[in-house]
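**Student:** dropping a prediction and its sequence here:
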Amino acid sequence: MNQPLSIPAITRMVRTEADAYLLLEKLRWGGEPTTCPQCGESGRCYYLTPTNGVSRKTRTGTTSQRRVWKCGHCRKQFSVLTGTIFHGTKISVRTWLLVILEMCASKNGVSAREIERKYDLTAKTAWFMLHRIREAMKLEPLAGLLSGTVVADETWIGGKPSNWSNAKRRAARPRWEYGRTDKPVVLALVDTDSGEVRSRVIPNVRGNTLRAAIAEHVEMGATTLVTDEAKSYKQFRGEMKGHETVVHSAHQYVRDGWTTNAAENYFSQLKRSIDGTNHHVSKEHLPRYLAEYDFRYSTRKITDTERMVMLAGRFGGRRLSYKPLRGR
Ligand SMILES: [Zn+2]
């Protein structure tokens with residue numbers, strides 16, 4: 001993109017729905033499609049110019065400014081929306097572009113309520129659009145492992161029990177259950193060189209649970225893990241290249257240059273977003289919100305436009321239908 005994207009810029013650039021398709025083609029394909037989304041064949045796609053130059057008739061008899069391409073190999077038609085998170089959408093591409101930019105550009109995210117009001121959508125549509133965008137923000141399936149120095153820390157969404165006041169503990173649980181909670185635990189792993197963060201919901205903070213989650217994202221033998229003094233990490237420290245701890249209970253925040261600040265900064269941003277924007281995030285949808293926060297946080301050093309181009313590269317091959325999302 002040679003032009004920085006902003007809400008006014010998109011509004012200016014996108015006068016018609018055909019303009020919106022063109023901009024999305026530019027974001028996703030850098031111009032023209034190189035491979036067919038239906039058969040995967042490359043180099044044989046051509047644009048179908050509408051007979052009247054502007055719009056084409058649809059099956060239902062209305063006209064549409066959808067830009068249609070054809071694959072010379074499988075002879076099937078497709079558009080920039082085929083096989084993506086937008087598949088089957090009835091919302092204009094223009095609205096999609098604006099909402100995607102809002103999701104990419106606002107530090108604390110945007111709420112479905114806000115989008116509903118601003119773009120005159122139904123609550124259900126706005127909610128579903130945001131979840132489709134979050135689907136694209138998810139980590140790519142072939143993303144490599146983190147290595148080097150990785151900070152690991154956990155937090156309870158809704159407050160860490162060890163930070164609760166005595167009154168809150170008394171009110172929340174019977175005495176023998178102190179320190180236990182049904183609030184979701186989130187583990188964050190921050191690569192201190194690249195700034196990339198990967199977070200996920202874990203069922204508990206026992207050693208084997210943490211080890212499994214870390215093994216999935218971190219090249220253990222090539223990584224020095226930095227954590228607080230939590231005992232659970234000690235169970236598998238032998239498998240790591242190194243393990244450094246910072247003793248928070250002794251008010252130690254930096255020890256010999258080691259610190260878990262990177263994870264704490266991420267968590268404070270995450271909590272600000274949850275409290276300020278999304279208010280309540282259900283346990284069921286928390287992983288998708290984490291994907292959103294991870295994506296924005298990991299790319300915080302690049303511009304909104306660069307972030308949007310990066311996200312556009314992930315629109316394909318990810319579909320999200322309403323049923324699996326709400327059907328459970
Ligand atoms: Zn094809």
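**Tutor:** On my side now, so go ahead.
**Student:** can you map out the helices along the stretch 1-150 of the chain?
**Tutor:** Per DSSP state H, counting those that start in this stretch, the stretch 1-150 of the chain carries helices over the ranges 7-13, 17-29, 93-105, 112-118, 123-137.
**Student:** and the stretch 51-200 of the chain, which residues reach the ion?
**Tutor:** 71, 73-74 (Cβ under 5 Å from the ion). From N, CA and C alone the C-beta is placed, and that goes for glycine too.
**Student:** of these, which is the nearest to Ala143?
**Tutor:** Closest approach to Ala143 among those (Cβ to Cβ): Cys71, at 29.1 Å.
**Student:** which residues touch stretch 68-81?
**Tutor:** 21, 24-25, 28-29, 33, 36-39, 41, 44-48, 56, 66-67, 87, 89, 93 (Cβ atoms under 8 Å, 6 or more residues apart in numbering).
**Student:** circling back: who wins on neighbours among the residues of the stretch 51-200 of the chain next to the ion?
**Tutor:** Most neighbours among those, by other Cβ atoms under 10 Å: Cys71, with 21 neighbours.
**Student:** and the protein, what are its domains?
**Tutor:** Using automatic domain parsing, the domain parsing of the chain gives 7-140+315-325, 146-281.
**Student:** okay if I get those domains as JSON lines plus distance to Met1?
**Tutor:** Converted to JSON lines, the domains of the chain look like this (distance: least, Cβ to Cβ, whole Å):
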{"stretch": "domain 7-140+315-325", "distance to Met1": "7"}
{"stretch": "domain 146-281", "distance to Met1": "22"}
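**Student:** in this structure Met220 contacts Ile214, no?
**Tutor:** Yes. Contact criterion Cβ atoms under 8 Å: Met220 and Ile214 qualify, at 6.9 Å.
**Student:** same drill for the two, tell me which one is more crowded.
**Tutor:** Each of Met220 and Ile214 has its neighbours counted (other Cβ under 10 Å); Ile214 has more, 21 against 18.
**Student:** need the contact list for that one.
**Tutor:** By Cβ under 8 Å, 6+ apart, the neighbours of Ile214 are 152, 189, 220, 225, 236.
**Student:** okay, and for the stretch 51-200 of the chain, where does confidence drop off?
**Tutor:** The stretch 51-200 of the chain contains residues with pLDDT under 70 at 158-165, 168-182.
**Student:** hey, where'd the strands end up in it?
**Tutor:** Assigned strands in the stretch 51-200 of the chain, in chain order: 56-57, 63-64, 69-71, 77-78, 146-156, 185-191, 197-202 (criterion: DSSP state E, counting those that start in this stretch).
**Student:** thinking again about what came up before, ok, so of the contacts of Ile214, who is nearest the ion?
**Tutor:** Nearest to the ion out of those is Leu189 (Cβ to the ion; 39.4 Å).
**Student:** skipping adjacent residues, who's closest to the closest one in space?
**Tutor:** Using Cβ to Cβ, 6 or more residues apart in numbering and skipping residues adjacent in sequence, the residue nearest Leu189 is Arg198, 5.0 Å away.
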